[in-house]
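Participant: coords below, sequence missing:
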């Protein structure tokens, strides 16, 4: 079965794959996860707001984003955002956003919808009695969230946040459609050049499996370690 496999193509190109492709993938994953968590936290606060229009706006955004295929969102931002930006600022030519910036914006806005629900669940997991106790000693809403609710909520939702980040790491491979040099895109270029699609895509699958399975195992161990026994 493997007599026609050219495994030398992997040994010749693995340095390029990791230095260029994996570095790009990790960079985009890190930036998108940070941006997604920040925006997701703001959306979660909006969803939990007692001001109904604000809560409905955040809920509408989350439900809309989670109902659209991610690949469609990537194409939408890449092709339409330059024209929308030009319309907003009154420019005659489309705004130059670039493939990387477009991909980063897309990932941040898309992942924020999922991080929002994680944050909201984490905040709601904190007993209301602690909020009332904080208010009783004179804390305002910001102080209560900063010193009482969010530190505990973050501990509760940390394993889920890390799991979603692993999913994000896998989803970054979709930027291949924009010809960006992520790990899959870099492997695809080599596969097309050398005519070794099976070898390269098999190697990519093995690498993703090892990394994602290993990280998932670490997250499970972390979850057991930080679990709060009530």
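Facilitator: Structure's in. What do you need? Not measured: the values here are computed from a predicted model.
Participant: in the chain, which residue is closest to the centre?
Facilitator: With distances taken as CA atoms, centre = their mean, the residue of the chain nearest its centroid is residue 168 (4.0 Å).
Participant: Flag the shaky bits of the chain, pLDDT-wise.
Facilitator: Scanning the chain for pLDDT under 70 picks out 1-4, 227-230.
Participant: returning to what we had before: going by secondary structure, the residue nearest to the centre of the chain is in what exactly?
Facilitator: Secondary structure from DSSP states H and E places residue 168 in helix 150-171.
Participant: Which elements pack onto that helix?
Facilitator: Applying 3 or more CB pairs under 8 Å, 6 or more residues apart in numbering; DSSP states H and E, we find helix 150-171 packed against helix 23-47, helix 99-124, helix 197-226. C-beta here means a position set from N, CA and C on the backbone, and glycine is covered the same way.
Participant: Identify the residues contacting it?
Facilitator: Under the criterion CB atoms under 8 Å, 6 or more residues apart in numbering, residues 25-26, 29, 32-33, 36-37, 70, 107, 111, 114-115, 118-119, 121-123, 125-126, 130, 208, 211-212, 215-216, 219-220, 222-223, 226, 228 lie in contact with helix 150-171.
Participant: Show the buried residues in these.
Facilitator: Neighbour counting by 16 or more other CB atoms under 10 Å classes 25-26, 29, 32-33, 36-37, 107, 111, 114-115, 118-119, 122-123, 126, 208, 211, 219 among these as buried.
Participant: Any idea how many residues pack against residue 7?
Facilitator: Residues near residue 7, counting by other CB atoms under 10 Å, number 12.
Participant: Next, count neighbours for the nearest residue to it once chain neighbours are set aside.
Facilitator: Among residues not flanking residue 7 along the chain, residue 199 sits closest, at 6.6 Å (CB to CB, 6 or more residues apart in numbering). Number of residues near residue 199 (other CB under 10 Å) recorded here: 22.
Participant: Please report how far residue 199 lies from residue 18.
Facilitator: Counting by CB to CB, to the nearest Å, the separation of residue 199 from residue 18 is 16 Å.
Participant: Residue 96: what secondary structure?
Facilitator: Using DSSP: H, G, I helix; E, B strand; the rest coil, the structure places residue 96 in coil.
Participant: give the contact list for it.
Facilitator: Contacts of residue 96 (CB under 8 Å, 6+ apart): residue 82.
Participant: and what of the one 5 residues further on?
Facilitator: Residues counted as contacts of residue 101 (CB under 8 Å, 6+ apart): none.
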